[in-house]
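**Q** Here's a sequence, model it:
(one chain, ligands or ions: 1)
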Amino acid sequence: MIMTLMRGRFAPTPSGLMHIGNARTALLAWLHVRQAGGQFVLRMEDIDTPRCKPELAEQALADLRWIGLDWDEGPDVGGPYAPYVQSERLRDYEEALRRLERDGRLYECYCSRAELLAIASAPHGLGSEGPAYPGTCRNLTAEERARRAETKTPSRRFLVPDEPFRFEDLAAGEQRFPAGCGGDFVVKRADGIISYQLAVVADDAAMGITDVLRGYDLLDSTPRQLMLYEALGWPAPRFAHVPLLNGTDGKRLAKRHGAISLASLRQAGVAPERIVGWLAAMSGLLDRPEPVSAKELVPTFSLSRIPKEPVVVTDEQLSALTQI
Ligand code: GLU
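**A** Prediction:
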């Protein structure tokens, strides 16, 4: 039997400072790969260029290294699948678009801009892209299309097959979605920006990623991504979506909860081992927070130890992190 080497990745979007929630996903993705003796790839997802900043990308790399993570390939170390920065990979995405277009998997959509917001960013939160697209532009006649094209540049949507969809998630178990799940989705915006869904698939496929571990907020993007793999004839990776760290209001831990950035913890003099220990305790990998290096967690890491439900982080727990 030929065993393929596990290849995993962490793919931050440099539109804000890396906070403990992002760091925790990075740590788990890294442990998953390192435990299996695989290769870890770091990719910068700056496809939504107006929202991203090069200095935040630099900072993200520095922050991740500071908590003890390393990568075999990435923007700063290079590798066989370079470049590892989405804004430099546009040719690949255009090629994928051409193939989908050629195979009749896309159509032009003239719907309003309001409906198309947030398409390039990863949709954080189940259903956060809004209600399913009702298919308004699916069956326009050639005349209607020509008429609309006079006043508006269209976006491109992927035609979602009208059948139920299922996949097996390594962390969250079997997932079932109703026919048409989420509706036909945008792969290229009217302003020319490629959607997160297409870019992430083109990159993971090109970079030979076998395992995607990421937050549960991206779980309902997965059927879309698997449909793109299928349409493009590319082998799909395995997926593991881990439950999020939530605030006491039940919402994903974010800045408004005081979700602390790694940069500010570092500035405050908190040791990285303390942060890693805290993250490990919040992820079922340690009984209680105690300083530990990322490397020390590798031998005992297992997906099965990660809780199946979102982890609620209390204010006291958050402040414990900053008390040095
Ligand atoms: N770039 C995405 C984010 O910042 C992650 C995409 C993924 O892991 O598929 O959330």
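
**Q** For the ligand, see how far away Q197 is.
**A** From Q197 across to the ligand, the span is 9 Å (Cβ to the nearest ligand atom, to the nearest Å). C-beta: built from backbone N, CA, C; applies to glycine.

**Q** next one: L198
**A** The gap separating L198 from the ligand is 12 Å, by Cβ to the nearest ligand atom.

**Q** Can you pull the phi and psi angles for that residue?
**A** phi -70, psi -40 (degrees, to the nearest 10).

**Q** E230 now?
**A** The phi/psi pair for E230 (degrees, to the nearest 10) is phi -60, psi -50.

**Q** and it, how far is that from R147?
**A** Here E230 is placed at a distance of 33 Å from R147 (Cβ to Cβ, to the nearest Å).

**Q** again with L56
**A** 43 Å.

**Q** Counting neighbours around each, name which of those two comes out higher.
**A** A direct count of neighbours by other Cβ atoms under 10 Å for L56 and R147 places L56 higher, at 20 against 12.

**Q** I figured that one was touching S15, is that so?
**A** Yes - if you go by Cβ atoms under 8 Å, L56 and S15 touch, sitting 6.8 Å apart.

**Q** near the ligand, which residues of the protein show up?
**A** Selection of the chain residues close to the ligand by Cβ under 6 Å from any ligand atom yields A11, P12, T13, E45, A122, V200, R214, L218.

**Q** 5 Å instead, please
**A** Selection of the chain residues close to the ligand by Cβ under 5 Å from any ligand atom yields A11, T13, E45, A122, V200, R214.

**Q** The third one is in contact with Q86, isn't it?
**A** I take that to be E45. Yes - E45 lies in contact with Q86 (Cβ under 8 Å); the separation is 5.2 Å.

**Q** follow-up on the earlier one: so of the residues of the chain next to the ligand, which ones are in strands?
**A** In this view, the residues of the chain next to the ligand that belong to strands under DSSP state E are R214.
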